[in-house]
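Q: Curious how this folds, go ahead:
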Amino acid sequence: MSYELRHKARDFAQALLPSGKKKLIHARNFAQQMNHAASAQQTQTHWHLQQWWILVAGMFLLSSIMVFSFTRQIDPTKIEADYLRQVDPQIYTLLNGDILTPPPEVNENLVDDAIVQAIILEKKYNDNNPTVVMAPSPVTVAPYDEEAGEVHSHFDTSMVDRKWDRMNPRYKQRLLMVFKIMKERYNYDLVLLEGYRSPGRQNMLSGNPNTTKARAYQSYHQFGLAADVAFRRDGKVVISERDPWAMRGYQLYGEVAESVGLTWGGRWKSIHDYGHTEYKMPGLQKTAEMAERLTTEGRLMANANPTN
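A: Have a look, this model is predicted:
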C-alpha cells in the first residue's frame, strides 16, 4: 500500500472515531436509562420509557413467532393423521396414529414383462384345459365389477396412473396397511398397478365391452377409492393367478384387505378380480364434484409429503 493511500485511510479512521465514540456513549446512556426505568421504583417517573420497553419486547416476541412459523418444518404425517382422525376414525384407530408412506412407483418395464409372462401362462393353461370353461383371467379379459359393470384390464397401459398421490387417504392408508401386513406376516411384496383412473381413460376403456362397461364416475377408481395390485418376486412383477404362488398371495391379500374394511374383487360371484380392492365409502355420491373433492384431498396430502 502506498504512503498516500495509508495516509488517507488513517485520516478517514480518525475522522470516524469522534462520531463513533459519541454514538457509543449515547447508546450506553440510553441503555442505562431504559434499565433504570424498568425498575419497580420508577413506575411513575419513567412511564414513557417503560412503554418503549413494552413495545420492544412485543416486537421481539412477534418477530420470533413469525420466524418460527415460516421456518419450522411441516410434518406431513401429522396433517394426514389429523385429517383421518376427523373424517375416518376407524382407520385412524387401526393405524394407531402411525401414518404409512407409499412405496416407490413400480418400474414400467417390470410391469410389461409381467404382462408378457401372464399371456404365456394363460395360453399354456388354455392349451392344457381345452374343454374347461373358466372365468376370464384378470390379465386377459379382466374381471367384471358386479356393482359398476366393470372389468379391469392389466394389459392396456395407456394413461395408467401408478402413483399414489390422487388416492384418497381413507383408501390409501387402508391399502398401505394391507401392504405392510402382507409383507410382515406372509413375506409378500405388493406393487401398485393402477390407482386413480381419469374419466377420460375410463370412457376410453368403456368402448371395449371386454374391458369395462362402466363409464366415467361409475368406477371407484375415479374417486381415488380403488386400486389394482400385483406381487414382486425376485425383483420381477408377477400378475397372473395361474402362478400358484401368486394365487396364494391373492387369497391372502383378499383376507387382509377385508379385515381393514375393503371390498375384494376375488369375492365377486361371476368373475373374480383378485388384484382389485375398493373402499365403499359411506354416503358416497358418484358425481364429478365428489370425485374432484376426494382426489384433491389425496393430492393435498401428497403435496405435503413429497416422498409420495
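
Q: And what about residue 59, helix, strand or coil?
A: helix (DSSP: H, G, I helix; E, B strand; the rest coil).

Q: Can you read off the pLDDT for the residue nearest to residue 220 when sequence neighbours are not counted?
A: Among residues not flanking residue 220 along the chain, residue 226 sits closest, at 3.6 Å (CB to CB, 6 or more residues apart in numbering). (C-beta placed from N, C-alpha, C; glycine too.) We have a pLDDT of 96 for residue 226.

Q: How many residues are close by residue 226?
A: 28 (other CB atoms under 10 Å).

Q: measure it to residue 195 for me?
A: Using CB to CB, to the nearest Å, we find residue 226 at a distance of 8 Å from residue 195.

Q: what's the answer for residue 177, then?
A: For residue 177 relative to residue 195 (CB to CB), the value is 15 Å.

Q: ok, those two, which is more surrounded?
A: When neighbours are counted by other CB under 10 Å, residue 195 comes out ahead of the other of residue 177 and residue 195, with 25 against 21.

Q: Quick check, residue 226 in contact with residue 171.
A: Yes. If you go by CB atoms under 8 Å, residue 226 and residue 171 touch, sitting 7.2 Å apart.

Q: Common neighbours of the two, please.
A: Shared contacts of residue 226 and residue 171 (CB atoms under 8 Å, 6 or more residues apart in numbering): 278-279.

Q: for this protein, what are the low-confidence residue spans?
A: Within the chain, the segments meeting pLDDT under 70 span 1-54, 56-57, 60, 63-77, 131-158, 209-212, 301-308.

Q: the longest strand in the chain is where?
A: strand 226-233 (DSSP state E).

Q: Touching that one from outside, list them.
A: 106, 110-111, 114, 152, 154, 167, 171, 175, 188-195, 219-221, 237-239, 245-246, 249, 253, 273, 275-279.

Q: and residue 216, which of the three is it?
A: Residue 216 ends up coil, using three-state DSSP.

Q: Need the nearest residue in space to it, chain neighbours excluded.
A: residue 199 (3.5 Å).

Q: Next, the nearest residue to residue 161 once chain neighbours are set aside: phi, psi?
A: Closest residue to residue 161 apart from its sequence neighbours, by CB to CB, 6+ apart: residue 196 at 4.9 Å. Main-chain dihedrals, residue 196, degrees, to the nearest 10: phi -60, psi 140.

Q: who's in contact with residue 196?
A: With CB under 8 Å, 6+ apart, residue 196 has these contacts: 161, 163, 166-167, 221-222, 224, 295, 298.

Q: Check residue 91 too.
A: 84, 170, 173-174, 177, 260-261.

Q: Go again with 7 Å.
A: 84, 170, 173-174 (CB atoms under 7 Å, 6 or more residues apart in numbering).

Q: Generate a ChimeraX selection restricted to the buried subset of those.
A: Buried members of those, defined by 16 or more other CB atoms under 10 Å, are picked up in ChimeraX with:
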select :84,170,173,174
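
Q: Residue 102: which of the contacts of residue 91 is nearest?
A: Using CB to CB, residue 173 comes nearest to residue 102 of the contacts of residue 91, at 9.8 Å.

Q: Check for me that that closest one belongs to a helix.
A: Yes. According to three-state DSSP, residue 173 belongs to a helix.

Q: That one reaches residue 102, doesn't it?
A: No. In this structure, residue 173 is not within contact of residue 102 by CB atoms under 7 Å, at 9.8 Å.

Q: Number of residues surrounding the spatially closest residue to residue 230 that is not a sequence neighbour?
A: Spatial nearest neighbour of residue 230, excluding adjacent residues (CB to CB, 6+ apart): residue 239 at 4.4 Å. Residues lying near residue 239 (other CB under 10 Å) number 28.
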